[in-house]
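Enquirer: What follows is a protein structure lacking sequence information:
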């Protein structure tokens, strides 16, 4: 796994963390797409995903989520899937304790692919806005921890067993 992050603040969302993370995966993008469309496996891959109610990775779907980062508060939000372009891209809006947008692009690279996750997420409630203002490094840590742990665990729990088959 290789990660390159680019941090910044979006002018449209106060307190937003805007990033682009890139993860190199040892399988082609169709294989990754096939795995990520199996939303029933998400809770098995990610123990910190405390609540996950979703029917599929399709345009128009709405997911209800609760994440427990290594911080003293859970983060509850909804992900509305706006567009999917199999096996290359997913675009979504996020609302709840965090608000903003996210895009996942899968790009072929050699024998595998690169997953590019771009997002701009801001605090959506007063508690998280306060944390973001007073302790921006803590907010950034929680954000990056969820993304990087998620990628690492996806590779270990979903992709590695696929390679063994």
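Expert: Now that the structure is in, tell me what you want to look at. These numbers were taken from a predicted model, which means no experiment stands behind them.

Enquirer: In this structure residue 81 contacts residue 55, no?
Expert: No - using Cβ atoms under 8 Å, residue 81 is not in contact with residue 55, being 10.2 Å away. For the C-beta atoms, the positions are set from N, CA and C on the backbone; glycine is no exception.

Enquirer: so where's the chain shaky on pLDDT?
Expert: Applying pLDDT under 70 to the chain picks out residues 1-12, 162, 164-165.

Enquirer: which residue ranges form the strands in it?
Expert: 17-25, 49-53, 62-67, 75-85, 89-96, 98-109, 112-123 (DSSP state E).

Enquirer: Could you report the neighbour count for residue 138?
Expert: If you count neighbours by other Cβ atoms under 10 Å, residue 138 ends up with 14.

Enquirer: For it, give me its contacts.
Expert: By Cβ atoms under 8 Å, 6 or more residues apart in numbering, the contact list for residue 138 reads 71, 131.

Enquirer: Residue 114: what's it in contact with?
Expert: Residue 114 neighbours (Cβ under 8 Å, 6+ apart): 22, 23, 24, 25, 106, 107.

Enquirer: Please name the bridge partners of it.
Expert: residue 24, residue 107 (DSSP bridges).

Enquirer: how close does it sit to residue 26?
Expert: According to Cβ to Cβ, to the nearest Å, residue 114 and residue 26 sit 11 Å apart.

Enquirer: Equivalent analysis for residue 45, please.
Expert: 16 Å.

Enquirer: Next: residue 94.
Expert: 29 Å.

Enquirer: more neighbours, these two?
Expert: Neighbours were counted for residue 94 and for residue 26 using other Cβ under 10 Å; residue 94 has more, 21 against 16.

Enquirer: and the more buried one, bridged to which residues?
Expert: Under the criterion used (DSSP bridges), residue 94 bridges to residue 79, residue 100.

Enquirer: List the contacts of residue 129.
Expert: Neighbours of residue 129 in contact, by Cβ under 8 Å, 6+ apart: 14, 15, 123.

Enquirer: Report the contact partners of the spatially most central residue of the chain.
Expert: Nearest to the mean C-alpha position of the chain, by Cα atoms, centre = their mean, lies residue 147 at 5.5 Å. Residue 147 makes contacts with 19, 21, 117, as judged by Cβ under 8 Å, 6+ apart.

Enquirer: Count the residues that sit near the last one.
Expert: The tally of other residues near residue 117 (other Cβ under 10 Å) stands at 18.

Enquirer: Right, I'll call it a day here.
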